[in-house]
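1. Please work out how this folds:
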Amino acid sequence: MGVVRIAIDSELAASHGAEIAWTWRTLLSGIGHAWQQVPPEASCDIAYVRDPAACRATIVVRVNPAAWAQARTRRLASCGHAGELTWLNFEGDEDQLHPVTRLDGRIVCDRDVVFDVFWIAAGLDEKDWPHSAHGFVDLEASPSARRGVLREAVASAIGCAIERWLAEAGCPAPQRRWPAGKRLAACTGHDVDYPEVVPVIGPLWLLARRGRAALTPAWDLVRGRRHHWQFQSWIDLEAGVGMRSAFYFVARQGSLVERTLGTPDPFYDVRSPRFRELFRALRDQGVEIGLHASYRACEAPDTIAREKATLEEACGAEVVGTRHHYWRLNPDDPIETLRFHERAGLLYDCSLTHDRYLGWRRGFTWPFYPFDPSERRRVATLQIPTAWMDNQLFGLARYNPGPIDFHLDTLVDRVAQHGGCVMTDVHEYVYDPVLFPGWAQAYRGLLDRLAARGDVWFARPADVARHWASRVTALEAASTGLAIPVDGSGRRGHG
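-> Predicted coordinates for the structure are as follows:
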């Protein structure tokens, strides 16, 4: 395992050391390099400094102190960084993100791309995003969203550029991101919202969604000739490409009255005999059982832990991952909800995405540990970024116009370029092609395209998280410097 020597501007490290350390650790571990932090005046592979002439580095990323000074207020005025300014002219070519000069064997990046990654991946621009009562973000006024830049994964694009610079500088090859030499990973989580058809209400919802064309299917629902209990159908479909996925269950039973009053949790009871039998069957087939955190789980610090315990008792297995119902993190402070995951002891979460928009909310196709700006530390629950939810190309297609195959091919191509992970969200109840025309077909087409590549590691989300966490731990153990608190106890990372 090669070690990259890195020097950090001393003055900036004194004021923003935690933020800079988290960003570089996320980039270097994502790339696959261990690191050794050295003094700014030392000979090194990478220097993150103000003046390239004042250091002895093969690669120099020039610091923009003005951007970092404004980061504390989560506002960027006219310092020429991040937000819309980073992405307006970006169309998938990483070289557009950073003006690079090469002189006398040195690579100098004159843009502070490290700050760009921090701004995007720490979610500092999200403070001013408009959102609905559910917390769904409205980016229709955002030029970058209209251009589809969320699908470009700007943060991991910058990471890949740094990876190329390191290779050009003659650094040792990084550790591969995925097992068995695979280029990318793929995993799926099925949100279990309506596995049982609600009498009267289910057929009415179908008619409201599809109109007169749904009269016969709605009557079939009433008669019990069609249903939503499609667990085995998904398992059999995925077995064709050697995949096992996760099913995320809501541990809190809702009701029609609560839904009418604004708490739209599903109506099933995970403690019922039918679900306990289902859990045994899922476990026997190697399927992961995860938590679909309830609608209001983000509103109290211990709710997620209680729901996790309830689901574990019902399913007879450890629950290590979650995705929030309605994607509902705290709309005003998403990081608070991520701290709740850590408090509950969850290994991973996959909720940091958008309801309406395809792509990567925090700019990474790689898993990563989020940064907590208020406590200036790393959150210990890993994020597996979700790229696609089924409804984005059906009920919410107006926000993602164009052919379905084009959108999914674009996502796969971007993940392959970055060596990332394709994480998808396909609801359990949408398998029937009569009730949901095209939904399962789109997912099947995505799996077929991934399988045809031959370079994809198909895994459960928990397997992806365990692999990535183990990889980061090994790289950090071989590293020194870039110290940062990694949990609420104040314990610091290696170095």
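2. So A157 sits against G420, correct?
-> No: assessed by Cβ atoms under 8 Å, A157 is found out of contact with G420, at 10.3 Å. (Glycine included, C-beta is placed from N, CA and C.)
3. which of those two has more neighbours?
-> When neighbours are counted by other Cβ atoms under 10 Å, A157 and G420 differ, and G420 comes out ahead with 28 against 25.
4. Read off the pLDDT value for the more buried one.
-> G420 is assigned a predicted lDDT (pLDDT) of 98.
5. Pretty sure A214 sits against L207.
-> Yes: using Cβ under 8 Å, A214 makes contact with L207 at a distance of 5.2 Å.
6. Comparing the two, which shows the higher neighbour count?
-> Neighbours per residue, other Cβ under 10 Å: of A214 and L207, the larger number sits with A214, 19 against 16.
7. so what's that one up against?
-> Contact analysis of A214 by Cβ atoms under 8 Å, 6 or more residues apart in numbering lists L206, L207.
8. cool, P40 as well?
-> Contacts of P40 (Cβ under 8 Å, 6+ apart): A7, I8, D9, S10, A47, V49, A54, C55.
9. do that again at 10 Å, thanks
-> Applying Cβ atoms under 10 Å, 6 or more residues apart in numbering to P40 gives the contacts 7-11, 13, 47-51, 54-57.
10. and what of M389?
-> 189, 191, 323, 327, 353-358, 396, 424-427.
11. let's see 7 Å
-> The neighbours of M389, taking Cβ atoms under 7 Å, 6 or more residues apart in numbering as the test, are D425.
12. Run through the strands of the stretch 101-250 of the chain in chain order.
-> 106-109, 184-192, 246-249 (DSSP state E, counting those that start in this stretch).
13. Is R323 part of a helix or strand, or is it coil?
-> With DSSP: H, G, I helix; E, B strand; the rest coil as the basis, R323 sits in strand.
14. Over to V4?
-> From three-state DSSP, the assignment for V4 is strand.
15. From H16, how far off is it?
-> According to Cβ to Cβ, to the nearest Å, V4 stands 21 Å off from H16.
16. Which residue comes closest to A442 once chain neighbours are left out?
-> Spatial nearest neighbour of A442, excluding adjacent residues (Cβ to Cβ, 6 or more residues apart in numbering): I404 at 5.2 Å.
17. and the gap between F458 and Q441?
-> The spacing between F458 and Q441, counted by Cβ to Cβ, is 19 Å.
18. More neighbours: the two, which one.
-> More neighbours surround F458 than the other of F458 and Q441, with 21 against 12 (other Cβ under 10 Å).
19. I'd like the distance between the most centrally placed residue in the chain and Q232.
-> Nearest residue to the geometric centre of the chain (Cα atoms, centre = their mean): P385, 1.2 Å. Note on P385: its distance to Q232, by Cβ to Cβ, is 29 Å.
20. And for L282?
-> L282 is 9 Å from Q232, by Cβ to Cβ.
21. okay, these two: which has more neighbours?
-> Remark: of L282 and Q232, L282 carries more neighbours, 21 against 13, as counted by other Cβ under 10 Å.
22. Contact partners for the more buried one?
-> Counting by Cβ under 7 Å, 6+ apart, L282 has contacts F231, F247, I289.
23. Just give me the closest of those to E168.
-> F247 (44.4 Å; Cβ to Cβ).
24. hey, what's that closest one bridged with?
-> Following DSSP bridges, F247 is listed with bridge partners H190, I289.
25. Touching, it and Q285? I think so.
-> No: if you go by Cβ atoms under 7 Å, F247 and Q285 don't touch, sitting 10.9 Å apart.
26. More neighbours: these two, which one.
-> Ranked by neighbour count (other Cβ under 10 Å), F247 and Q285 place F247 first, with 23 against 13.
27. how close does the more buried one sit to E277?
-> Applying Cβ to Cβ to F247 and E277 gives a distance of 14 Å.
28. now swap in A173 and tell me
-> From A173 over to E277 (counting by Cβ to Cβ), the distance is 49 Å.
29. same question, Y348
-> For Y348, the distance to E277 - Cβ to Cβ - is 27 Å.
30. give the contact list for the nearest residue to V287 once chain neighbours are set aside.
-> Nearest non-adjacent residue to V287, counting by Cβ to Cβ, 6+ apart: R244, 5.7 Å away. If a contact means Cβ under 7 Å, 6+ apart, then R244 has E238, G286, V287, R460 as its contacts.
31. one more time with 6 Å
-> For R244, the contacting residues are G286, V287, R460, by Cβ atoms under 6 Å, 6 or more residues apart in numbering.
32. and of those, the nearest to G202?
-> V287 (24.7 Å).
33. how far away is the residue nearest to V287 from D284?
-> The gap separating R244 from D284 is 12 Å, by Cβ to Cβ.
34. what touches both of these two?
-> Common neighbours of R244 and D284, using Cβ under 6 Å, 6+ apart, do not exist here.
35. So which bits of stretch 273-290 are buried?
-> When burial is assessed from 16 or more other Cβ atoms under 10 Å, stretch 273-290 yields the following buried residues: F275, L278, F279, L282, V287, E288, I289, G290.
36. can I assume the last one is in contact with G321?
-> Yes: because the distance of 4.4 Å satisfies Cβ atoms under 6 Å, G290 is recorded as touching G321.
37. ok, residues contacting the longest helix anywhere in the chain?
-> Assignment by DSSP state H gives helix 10-31 as the longest helix of the chain. With contact meaning Cβ under 6 Å, 6+ apart, helix 10-31 is reached by 35, 40, 63, 68, 114, 117-118, 159, 163, 174, 366, 368, 371, 376, 378, 472, 475, 482, 484.
38. switch the cut-off to 7 Å
-> The list of residues contacting helix 10-31 from outside it, by Cβ under 7 Å, 6+ apart, reads 4, 6, 8, 35, 40, 63, 65, 68, 114, 117-118, 121, 156, 159, 162-163, 174, 366, 368, 371, 376-378, 472, 475-476, 482-484.
39. ok, the residue lying closest to C315 once chain neighbours are set aside - contacts?
-> In space, and not counting its chain neighbours, C315 is closest to F279: 3.9 Å by Cβ to Cβ, 6+ apart. By Cβ under 7 Å, 6+ apart, the contact set of F279 is I289, A314, C315, G316.
40. what do you get if the cut-off is 8 Å, keeping everything else the same?
-> Per Cβ under 8 Å, 6+ apart, neighbours of F279: V270, I289, A314, C315, G316, A317.
41. hmm, back to that, spit out the residues that contact G290 and G321 alike.
-> Shared contacts of G290 and G321 (Cβ under 8 Å, 6+ apart): G189, A246, Y248, P461, A462.
42. quick check, the last one in a strand?
-> No: judged by three-state DSSP, A462 forms no part of a strand; its state is helix.
43. and stretch 61-75, what's its mean pLDDT?
-> Averaging pLDDT along stretch 61-75 gives 83.
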